[in-house]
Each structure stands twice: as C-alpha cells, then as structure tokens.
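> Make a model of this:
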Amino acid sequence: MSLVLDPAAQDLLFREARTANAFTDEPVSDEQIQAIYDLVKYAPTALNSQPLRVVLVRTPEARQRLVGTLAEGNKAKTAAAPLTAILAAAHDFHEKLDKTFPHAPGLKDRFAEEEARIQTGRFNGALQVGYFILGVRAAGLAAGPMGGFDADLLNKEFFGDGQASVLAVVNIGKPADNAWFDRNPRLDFDEVVTTV
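Below you'll find the predicted structure:
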C-alpha cells in the first residue's frame, strides 16, 4: 500500500466508520471533546483562519431548543444522543488573524467586506467540520453529522448575535447496536479523478 497510516487507523477513520444513527447512553466527557479539539485544531485552513466555533449541547433545555430546529427525521436520534455539537463558522474570524497568522500584521483588513468574509469563513469552517468528524472517530466514538435543520431558526437560537452561521449538527457517542444503515456504494477512482 502507498499509505503510511497504519491499516487499523485507516479502518477506524475511514473504511469501517459510518454515520451513526443511534447511540448508547454512555456519556461523552469534556476531556474527550478537549482531546478531539486538541487534535483537529492542527488541520489546515486558508490563512490559518480557523473559523470553526463549537456549541456543545448538554442541558435538557438546550437540547429541547435544538430539537425544535431539526427536520423530523433528526429529532428523536438527537434527543437521545449523549452529546450533540453544533458546528458553525464565525463571521468575525478575521479578528483572530493577528494571533493565528502573526507574520502578516494587518491581514484582517483584507476581510473588511462582510460577504467575502462570511464566504471564506463558511468554506474553511466546512473543512473543519470534516476534520472534527475524523477527530470524533479517532477518539473511538461515532459521529452522526446532519444537515437537516432550519438554519435561520438554529442560528437565532444559538448564535443570536449574528456572528456565526451553523454548518452542521453532529451527534456524538458510542454507537448502539444497529446504529448504522448498510454502507452505500462509493464512486471508483476513474469516475472521479482526471489527469490533464
């Protein structure tokens, strides 16, 4: 094989990992989430912008508010998940560029125009969502990422200041028995890759 990553790690992160739809009631600790973040924060973003912001939904009140924003098919599994993370892109990520990209003073001024800043934040935040899911898997947990939600309502409920926009909702925990649907087919290399 041409990969240097151990085959067991390849299986854990990719081949055997799937979107979980049911979880045990075993809790997910703050220490586990801290370890996940401390791993995935090193993955690349443009200009090291790091726009991802994470809201961990733990209290019954917050979970009720979240479930009310979800599509019908996502409500029950989210209500029962041991932990749910709302992943969003910060609209003001440029305010941290002096810290995250210190060798380019004044770089944040390039992002004065809000629409371009939001677009850049959402693209790089989406990259970080993928890294986050891999981090959850690396911690031996299962992730159930979802896009079925009312974005306007979810943003209002959890990002009322308008400084972030939700990208994904991810249920996290140990997978329950029969947590997965059957794996769907994947496209082959020659269906995706073109060499020019």
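
> any idea of the mean pLDDT for stretch 139-148?
When pLDDT is averaged along stretch 139-148, the result is 97.

> from the chain's centre, how far out does it sit?
8 Å (Cα atoms, centre = their mean, to the nearest Å).

> all numbers from here: first residue = 823
Yes, from this point I'll number from 823; that puts the last item at stretch 961-970.

> Of all the residues in that stretch, which ones are buried?
Judged by neighbour count using 16 or more other Cβ atoms under 10 Å, the buried positions of stretch 961-970 are 961, 963-968. For every residue, glycine as well, the C-beta is placed using N, CA and C.

> And the contacts of the longest helix anywhere in the chain?
Identified as the longest helix of the chain according to DSSP state H is helix 936-960. By Cβ atoms under 8 Å, 6 or more residues apart in numbering, the residues outside helix 936-960 that reach it are 834-835, 839, 858-859, 861-862, 865-868, 871-874, 876, 907, 909-913, 915-916, 933, 964-965, 967, 987, 989-990, 992, 994.

> Could you list the low-pLDDT ranges of the protein?
Flagging of the chain using pLDDT under 70 yields the residue ranges 823.

> which stretches of it form strands?
Per DSSP state E, the chain carries strands over the ranges 874-879, 905-912, 964-968, 986-995.

> Save those as TSV, and put in distance to Ala893 too.
Output for these, formatted as TSV (distance: least, Cβ to Cβ, whole Å):
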stretch	distance to Ala893
strand 874-879	16
strand 905-912	14
strand 964-968	8
strand 986-995	10
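
> quick revisit: looking at the buried residues of stretch 961-970, which is nearest Gln854?
Distance to Gln854, by Cβ to Cβ, is smallest for Ala961 among the buried residues of stretch 961-970, at 5.5 Å.

> pretty sure that closest one is in contact with Ala857, am I right?
Yes - using Cβ atoms under 8 Å, Ala961 is in contact with Ala857, at 6.2 Å.

> Name the residues contacting each of those two.
Common neighbours of Ala961 and Ala857 (Cβ under 8 Å, 6+ apart) do not exist.

> rewinding a little: could you tell me which of the contacts of helix 936-960 count as buried?
Neighbour-count burial (16+ other Cβ under 10 Å) applied to the contacts of helix 936-960 gives 834, 839, 858, 862, 867, 871-874, 907, 909-913, 915-916, 933, 964-965, 967, 987, 989-990, 992, 994.

> The longest helix of the chain: how far from the chain's middle?
Relative to its chain's centre, helix 936-960 lies at 7 Å (Cα atoms, centre = their mean).

> quick one: the residue nearest to the spatial centre of the chain from Ala898, how far?
For the chain, Val951 is the residue whose C-alpha lies nearest the centre (Cα atoms, centre = their mean; 3.0 Å). Separation of Val951 from Ala898 (Cβ to Cβ, to the nearest Å): 23 Å.

> now do Ala986
Taken as Cβ to Cβ, the spacing of Ala986 relative to Ala898 amounts to 26 Å.
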